[in-house]
Each structure stands twice: as structure tokens, then as C-alpha cells.
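Student: Predicted model follows, preceded by the sequence.
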Amino acid sequence: MSNLLWASSGIFLAIIIQLITWYFVRRNGQKKYLYDERHKQTTSFAKATAWNVSFVVILVAWFIIAVVEGASLAFFLFTGVYIIHTIAFGIAIAFETGELVKLNKSEQ
């Protein structure tokens, strides 16, 4: 029980430190006008690349878990992560291309 308490408090403290750091870095960047169009384009490209890499990593890990452990809890958890990852990707594409707006307007 003590180890669980220490681990939980460490994760909670790490989240708080990360949020405080993000706030000050973001505020400092806005004062220096660091978040222009070039920054947005670079960030967008980096996120797209990271998304593609994580997609491949999930598929490889999913295959390894299926071969090594079979139909275990880890396999079903990775299946859920894969499904959520793919659905979120589809929603992001629909949002960015404006398809969600068209769907909402056609329903009204």
C-alpha cells in the first residue's frame, strides 16, 4: 500500500510540475512572439510525423503481444488503444477538412 501511495503521489507531483512549466514557457513564448505561422506549421508537421510513428509502433507491439502472449489482457488493451487511435485520426481529418461542419449543417 505504501508503494502505491508513493507512486501515485509521484505521478500527481509530476503532472503539477509539468503544468506549471508549460504555463511559464507558453507565457514567455507569447511575450517574445515565438508562436507565429512558421511555428504552427512546424508543430503541425511534427505532430503528424509523431502520429505516424506511433501508429507503426502500436501495430508492431500489437503483433508481438499477439504472437508471444496470445489473447491476453495486454492484447485487448492494445486493441483498444489502436481503435481509439484510428478513430481519433479519422475525427481529426474530418475536422481539419471541414467535413464535420458540413455534417452538422446537413442535420439541421
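Tutor: Perfect, I can see it now. As the structure is a prediction and not an experimental result, all values here were calculated from the model. Numbering: from 1, shown residues only.
Student: So, low pLDDT: which residues of this structure?
Tutor: Applying pLDDT under 70 to the chain picks out residues 1, 99-108.
Student: helix/strand/coil for residue 3?
Tutor: At residue 3 the chain is in helix, as set by DSSP: H, G, I helix; E, B strand; the rest coil.
Student: And it, how far from residue 13?
Tutor: For residue 3, the distance to residue 13 (C-beta to C-beta, to the nearest Å) stands at 16 Å. From N, CA and C alone the C-beta is placed, and that goes for glycine too.
Student: These two - which one has more neighbours?
Tutor: Shown here are residue 3 and residue 13; by other C-beta atoms under 10 Å, residue 13 has more neighbours (10 against 7).
Student: secondary structure element for the more buried one?
Tutor: Using DSSP states H and E, residue 13 sits in helix 2-31.
Student: Also residue 41?
Tutor: Per DSSP H and E: residue 41 is located in helix 37-68.
Student: List the buried residues for that helix?
Tutor: The neighbour-count check on helix 37-68 (16 or more other C-beta atoms under 10 Å) flags 58, 62, 65 as buried.
Student: What residues does the first one make contact with?
Tutor: Each residue near residue 58 by C-beta atoms under 8 Å, 6 or more residues apart in numbering is listed here: 78, 81-82, 85.
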